[in-house]
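Visitor: below are the sequence and a predicted model; questions follow.
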Amino acid sequence: MIYSSYEEKKSEKTLWFRREKQPKEKIKNKKLQIPEGIWVRCKGCKEIIYKKEIERNYDLCPKCDYHFYINAKKRLSLLYDEGKYTAFDENMLATDPLKFRDRKKYKDRLKEYASITGLKDAILSTEGAIANKQVVICAMEFKFMGGSMASVVGEKIVRAIEKCIAGNIPFITVSCSGGARMQEGIFSLMQMAKTSGAIGKLNEAGIPFISILTDPTTGGVSASFAMLGDIIFSEPRALIGFAGERVIEQTIGQQLPPGFQRAEFLLEHGMIDMIVDRRKMRDTLITLLNFFDKSPQNTPLPQNQK
Ligand SMILES: [Zn+2]
């Protein structure tokens with residue numbers, strides 16, 4: 001290329017530099033054009049995975065079996081026969097006894113989370129059948145204020161337990177919670193005693209209670225009904241504990257061992273009974289329900305024929 005003057009050459013040069021920038025911007029724009037949520041970075045193996053592939057695989061990472069979060073409704077549809085169940089106590093609403101307000105009013109927060117999750121509070125009480133056996137399952141919804149337990153969650157669990165006692169139905173919970181809900185203060189903390197008391201009555205009635213822990217099960221939920229199951233099992237690598245790791249380290253002035261508060265660590269230390277892969281969760285429940293079922297039609301061999 002022949003330049004008529006130095007100035008022209010200089011401007012061409014600047015243009016050339018500008019041109020160099022342009023393709024980069026184009027790439028950036030292209031990246032932005034990819035619709036959000038198609039690819040997901042796995043928290044387990046850090047691989048980037050096609051979201052649909054995860055959804056087809058029970059929301060597990062196809063490379064490392066990392067268990068991604070699933071909502072309460074999806075969870076229940078994986079457990080019940082044909083994914084069908086009936087919800088009850090759906091319209092129970094928190095009353096905001098403290099008239100609590102932080103950056104937002106508690107009442108407004110409740111409305112906001114109700115529109116996100118389609119639930120009125122952080123738990124879904126349901127009844128239905130697993131392998132034709134009647135069960136009641138309460139599944140917690142983490143997307144509703146971190147699955148926090150307050151008056152409604154406590155009351156719904158107690159009512160579900162009363163239903164189980166009245167009908168001699170096994171009780172199952174699926175926990176996914178950050179703990180007690182601070183917006184209801186002491187009323188939230190009281191749910192620990194209330195739900196634990198109800199589990200006591202369930203025990204007295206001789207009705208089995210199976211507690212399933214998912215990532216995370218912490219605070220007031222782990223400190224009450226979730227750890228009171230006749231059988232307690234957890235999904236792999238779920239965080240289970242009471243206080244956060246940093247708080248414990250600061251309190252005891254010691255570094256915690258690796259894997260502390262993970263399901264595998266709890267199993268090793270006898271805090272839970274087993275770790276169950278999400279794909280085997282329903283089959284495991286069927287085995288357990290058969291084991292607990294003392295009705296005559298379930299007994300394979302009468303005592304005198306043994
Ligand atoms: Zn992975």
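Guide: Great, that's in hand.
Visitor: when you work out contacts or count neighbours from here on, use the C-alpha atoms and nothing else.
Guide: OK.
Visitor: any low-confidence regions in this protein?
Guide: Scanning the chain with the threshold set as pLDDT under 70 gives 1-36, 299-306.
Visitor: quick check on the spatially most central residue of it: phi, psi?
Guide: With distances taken as CA atoms, centre = their mean, C176 lies nearest the centre of the chain, 3.5 Å away. When read as degrees, to the nearest 10, the backbone of C176 gives phi -160, psi 90.
Visitor: my read: it touches T214, true?
Guide: Yes: C176 is within contact range of T214, at 5.4 Å (criterion: CA atoms under 8 Å).
Visitor: anything in contact with each of those two?
Guide: When CA atoms under 8 Å, 6 or more residues apart in numbering defines a contact, no residue borders C176 and T214 alike.
Visitor: ok, K107 - contacts?
Guide: D96.
Visitor: surely it is in a helix?
Guide: Yes: assessed with DSSP: H, G, I helix; E, B strand; the rest coil, K107 lies in a helix.
Visitor: relative to the ion, how far out is it?
Guide: 38 Å (CA to the ion, to the nearest Å).
Visitor: cool, and L60?
Guide: On the measure of CA to the ion, L60 and the ion end up 8 Å apart.
Visitor: what bridges to that residue?
Guide: H67 (DSSP bridges).
Visitor: tell me which residues touch it, please.
Guide: I54, Y66, H67, F68.
Visitor: those residues, buried ones only, as a ChimeraX selection?
Guide: To isolate the buried subset of the contacts of L60 in ChimeraX, counting by 16 or more other CA atoms under 10 Å, use the following:
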select :54,66,67
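Visitor: same for the one helix or strand T173 maps to, what does it pack against?
Guide: If you go by DSSP states H and E, T173 is part of strand 171-177. Helices and strands touching strand 171-177, by 3 or more CA pairs under 8 Å, 6 or more residues apart in numbering; DSSP states H and E, are strand 133-140, helix 151-167, strand 209-218, helix 219-222.
Visitor: can you do 7 Å?
Guide: Counting contacts by 3 or more CA pairs under 7 Å, 6 or more residues apart in numbering; DSSP states H and E, strand 171-177 is packed against strand 133-140, strand 209-218.
Visitor: for the ion, which of the ones you listed is the nearest?
Guide: strand 209-218 (15.4 Å; CA to the ion).
Visitor: picking that back up, the strand holding T173 to strand 133-140, inter-axis angle?
Guide: 20 degrees (axes from the mean of the first three to the mean of the last three CA atoms, to 10 degrees).
Visitor: give me the distance from strand 171-177 to the chain's centre.
Guide: The chain centre lies 9 Å from the centre of strand 171-177; the measure is CA atoms, centre = their mean, to the nearest Å.
Visitor: partner strands of that strand, parallel or antiparallel?
Guide: Strand pairing (DSSP bridges) places strand 171-177 next to strand 133-140 (parallel), strand 209-218 (parallel).
Visitor: could I get these in TSV, plus columns for mean neighbour count and distance to the ion?
Guide: Converted to TSV, the strands paired with strand 171-177 look like this (neighbours: other CA atoms under 10 Å; distance: least, CA to the ion, whole Å):
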stretch	mean neighbour count	distance to the ion
strand 133-140	23	24
strand 209-218	26	15
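Visitor: wait, which of the ones you listed is closest to F233?
Guide: strand 209-218 (5.1 Å; CA to CA).
Visitor: now for the closest residue to the ion within the stretch 151-300 of the chain, how many residues are close by?
Guide: With CA to the ion as the measure, R237 is the residue of the stretch 151-300 of the chain nearest to the ion, at 12.2 Å. Neighbour count of R237, defined by other CA atoms under 10 Å: 19.
Visitor: kindly report the same for E141.
Guide: Around E141 there are 25 residues (other CA under 10 Å).
Visitor: with the one 10 residues further on instead?
Guide: Using other CA under 10 Å, the number of residues around S151 comes to 24.
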